[in-house]
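Enquirer: what would the 3D arrangement of this be:
(one chain, ligands or ions: 1)
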Amino acid sequence: MTTGSRASIEFDPTAPAAVRIVLVGFMGAGKTSLAERWATSGGAVLWFDSDRAVLAELGCDSVEAAFAEHGEARFREVEREVVLARAQPLARGVEVWSLGGGSLQHADVRGAISDACVVWLDAPAELLWDRVAGSDRPLARDRAAFCALHAGREELYASVSTVRVDATRPIDELGLGRLLSEYLPPSWFGSGLAVGAGLLDRVEDICALHDGPVAIVADRAVDHIADAARERLERAGHVVACDTRLPMGEFNKQLATVEGVLAQWAGAALHRGSTILAIGGGTLLDATGFAASIYQRGIDWVSVPTTLVSQVDAGIGGKTGVNLGVAKNVVGTVHMPRATLIDSTVIASLPEDAIRDGFVEAAKTAMLAGDWLLERARTAAQAGSAERGDAWLPLVEGCAGYKDAVVAEDPFDTDGIRAQLNLGHTLAHAIEAATGGAVTHGAAVAIGTHAALRLSELVLDAPASSVETWRELCAQLGIVTSSPLSWDELEPFLALDKKRDSRGLGWVLLEGVGEPVTGVRLPVEAARRVWDECIRVGEGDRPGEGAPVETASPRHPRVLVLFGVNLGQLGVRDAAHYGAQTLPELVHDVEMWAAAEGLVADCRQTDSLERFVHALHEARLRHHAVIVNPGAWTHHELAIHDALEPLSVPRVEVHLSDVDAREEWRRTSVIRPVVDHVVSGRGADGYRDALRWIATRLRG
Ligand code: DQA
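Expert: Residues are numbered from 1 along each chain as shown. As a prediction, the model looks like this:
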């Protein structure tokens, strides 16, 4: 056995993570040009220009027009409002403001920037007059008045500024980056990661990357977020040339989906001066980032993760890709987004199981990072759902920041540093594969990490306290860390692990909290022993035996919706019987209908009988009800009968077509004796009926 290599990184959680730089100075000093340069070159920063915000608010094209239509007093009033509205704290990231020359007259505006790094771009009135005379600026019409105003403002600028910069030279010679290096540690500036509450309200700032058109690609589950983003972009003058909404999930994270997106971009004539704005969870971001990486050999994209898992983990770090059939993420690239915008307020509306799944990845990151992040995880876990947005912000910010730092050390996952993020994932992926995806990723990582920590005890002499810490954290949210699967069911899938090379599998283990070790080679016997002795639970000793609960919340019961053989062909197959809808479209509707009934639909399609049956086995643990449409298996496959029979949850058999009115052989259903309800011949609506029936039954 080899001991692997230490993978801890330098990360100072006490260093300030957010930087706000406010450029002030008289008109013509170059505030807007400089801010724009920062926002569009190097790492993305959020850019706020007070004049632009006022003009958008007043619906005018120029300051001149705004003064003429509304008067200077109204302009100043709106200026004060937009600046104060903008002054909320940012948890992580870099934000640059270019403030209109007169806004500092308001005392509360001066107060709002008191914590920022205020840079005064200073130049003599005569020089500025030469720059702006003859422009349409309303306050630059009369030289004497201009100079008097300049003299009157000097004291104001001096009183608020942190640094004074000589702005007589052209802006590209100002060397501000060097001057401000103490405020802008390169990794923050470079990665363009911003975390905060309400950041989606600033989405237009980061799409200032280029002046070309913007293309939105969003998960249909977050249509409302994408609609609002589009409106903001258009109001700020961006052209949205293409707006693609996809019903996303693992099942359509496929090359065909990417091809469709690329065709739309090409049809809209996107070019290398365009920006792609991807909004959604991990699967949407992976597929869109991948499309961005290959369109015209790579164009810029901005990532807006909207699920907890993607905010703390999957949406950060530039790994993009799609599945190839059932093989996950085997096709892909590393293509860093120019900016990653994480708005913690979206967490508040996520269902409980999405929270649990995300929490597991966050807790995993905490085990890697150390006690400071574990503390934040404990605090978040204790918060009630109503306070979630605020209470989880420090955890999300810490996880995103830590992952960002890990990625900066080893962007291409070649140095054994980034691999630490796979703690618990070797077995988690095997669990997911062995159960046909019926166990969610988060639930699988909870078990996989438990096993990795037990292995760490066995082979690295790690303290037992790490295991206890992990189990306590998971227990706080009712997440189980054991599994009824046998080692023999898992082992075949270990061969597919990405961390396997010609020397075998490199495990990620922990010497202790905050001390990850990667590339540990160990005999498979050690893993088997740990699994059998510490992780596997027999039928009798499963906690809550009989109740199908562990990761499901009673308030949002989970329904397994299984589509069997050939149902992946919907849309192209016999539309007269099965309708024109594709499976992704149907799945989207099913998810929406389920949500309307207060249920969470967990939809799966497979042409493999083995996976279908495994999913039913696992439903015992994970789901409150099951809807099956086994396709042609319905009529003869007794293995499905046997898998359904012992389930104690409501079971519904659904067929799109009216099987009893078709060929003779379709009139037999071998599963009918072991289901509680049948819906047949109602097309896609049959799924709505089935979900309603389940909702009523669970309520009763
Ligand atoms: C089906 C009916 C089956 O007879 C057929 O083999 C299918 C689909 C339905 O939904 O109508 O594949 O289950």
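Enquirer: what about residue 627, which SS state?
Expert: strand (DSSP: H, G, I helix; E, B strand; the rest coil).
Enquirer: low-confidence regions, the stretch 601-700 of the chain specifically.
Expert: Along the stretch 601-700 of the chain, the model assigns pLDDT under 70 to residues 621-622.
Enquirer: show me the shaky parts of the stretch 251-400 of the chain.
Expert: 326.
Enquirer: show me where it has helices.
Expert: Assigned helices in the stretch 251-400 of the chain, in chain order: 255-267, 282-294, 308-309, 352-369, 371-382, 388-409 (criterion: DSSP state H, counting those that start in this stretch).
Enquirer: so which of these is nearest residue 443?
Expert: Nearest of the helices of the stretch 251-400 of the chain to residue 443, taken as Cβ to Cβ: helix 352-369 at 7.2 Å. For glycine as for every other residue, the C-beta is placed from the backbone atoms N, C-alpha and C.
Enquirer: who are the packing partners of the closest one?
Expert: Counting contacts by 3 or more Cβ pairs under 8 Å, 6 or more residues apart in numbering; DSSP states H and E, helix 352-369 is packed against helix 308-309, helix 371-382, helix 388-409, helix 441-460, helix 464-476.
Enquirer: so which of the helices of the stretch 251-400 of the chain gets nearest the ligand?
Expert: Closest approach to the ligand among the helices of the stretch 251-400 of the chain (Cβ to the nearest ligand atom): helix 255-267, 20.6 Å.
Enquirer: elements contacting that closest one?
Expert: strand 214-219, strand 240-246, helix 282-294, strand 319-324.
Enquirer: gap between that helix and the chain center?
Expert: 21 Å (Cα atoms, centre = their mean, to the nearest Å).
Enquirer: ok, and what's touching that helix?
Expert: By Cβ atoms under 8 Å, 6 or more residues apart in numbering, the surrounding residues in contact with helix 255-267 are 215, 217, 242, 244, 246, 274, 276, 287-288, 290-291, 294-295, 322, 324, 331.
Enquirer: now the two most distant members of these.
Expert: Spatial extent of the contacts of helix 255-267 (Cβ to Cβ) is set by the pair 274 and 324 at 27.7 Å.
Enquirer: which of those two has more residues huddled nearby?
Expert: residue 274 (25 against 13; other Cβ atoms under 10 Å).
Enquirer: need the contact list for the more buried one.
Expert: Contacts of residue 274 by Cβ under 8 Å, 6+ apart are 210, 212-215, 241, 265, 299-300.
Enquirer: for it, which non-adjacent residue is spatially closest?
Expert: With Cβ to Cβ, 6 or more residues apart in numbering as the criterion, residue 274 has its nearest non-adjacent residue at 4.3 Å, and that residue is residue 212.
Enquirer: quick one: mean pLDDT over the host helix or strand of residue 129.
Expert: Residue 129 belongs to helix 125-132 when assigned by DSSP states H and E. Mean pLDDT, helix 125-132: 93.
Enquirer: in it, which residues are buried?
Expert: If you call a residue buried by 16 or more other Cβ atoms under 10 Å, then helix 125-132 has these buried ones: 125, 128-129, 132.
Enquirer: do the same with stretch 75-86
Expert: Those would be 75-76, 78-80, 82-83, 86, for stretch 75-86 by 16+ other Cβ under 10 Å.
Enquirer: how far off centre is that stretch?
Expert: With Cα atoms, centre = their mean, you get 31 Å for stretch 75-86.
Enquirer: cool, stretch 615-623 as well?
Expert: 27 Å.
Enquirer: can you show me the CA trace of stretch 259-266 as CSV?
Expert: Taking C-alpha atoms only, stretch 259-266 is exported to CSV below (Å, rounded to 0.1, in the frame of the first residue of the first chain):
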residue,chain,number,x,y,z
GLU,A,259,-25.8,19.7,-30.3
GLY,A,260,-29.2,21.3,-30.1
VAL,A,261,-27.8,24.2,-28.1
LEU,A,262,-24.9,24.7,-30.5
ALA,A,263,-27.3,24.8,-33.5
GLN,A,264,-29.3,27.5,-31.8
TRP,A,265,-26.2,29.6,-31.2
ALA,A,266,-25.0,29.2,-34.7
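Enquirer: what number of residues lie near the residue lying closest to residue 293 once chain neighbours are set aside?
Expert: Closest residue to residue 293 apart from its sequence neighbours, by Cβ to Cβ, 6+ apart: residue 335 at 3.4 Å. Using other Cβ under 10 Å, residue 335 has 19 neighbouring residues.
Enquirer: same question for residue 348.
Expert: 15.
Enquirer: tell me how far it lies from the ligand.
Expert: 38 Å (Cβ to the nearest ligand atom, to the nearest Å).
Enquirer: hang on, the earlier thing: now distance to residue 489 and neighbour count too, for the contacts of residue 274, in TSV please.
Expert: Listed next are those as TSV, based on distance: Cβ to Cβ, whole Å; neighbours: other Cβ atoms under 10 Å:
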residue	distance to residue 489	neighbour count
210	50	17
212	51	18
213	50	18
214	47	26
215	43	27
241	49	18
265	43	23
299	43	23
300	44	20
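Enquirer: of the buried residues of stretch 75-86, which is the nearest to residue 222?
Expert: Nearest to residue 222 among the buried residues of stretch 75-86, with distances taken as Cβ to Cβ, is residue 86, at 23.9 Å.
Enquirer: now do the contacts for the residue lying closest to that closest one once chain neighbours are set aside.
Expert: With sequence-adjacent residues excluded and distances taken as Cβ to Cβ, 6+ apart, residue 86 is closest to residue 48, at 5.5 Å. Counting by Cβ under 8 Å, 6+ apart, residue 48 touches 86, 95-98, 202, 205.
Enquirer: now do 10 Å
Expert: 20, 22, 35, 39, 82-83, 86-87, 95-99, 202, 204-205 (Cβ atoms under 10 Å, 6 or more residues apart in numbering).
Enquirer: picking that back up, relative to the ligand, which of the buried residues of helix 125-132 is nearest.
Expert: Out of the buried residues of helix 125-132, the member with the shortest distance to the ligand (by Cβ to the nearest ligand atom) is residue 132, at 70.7 Å.
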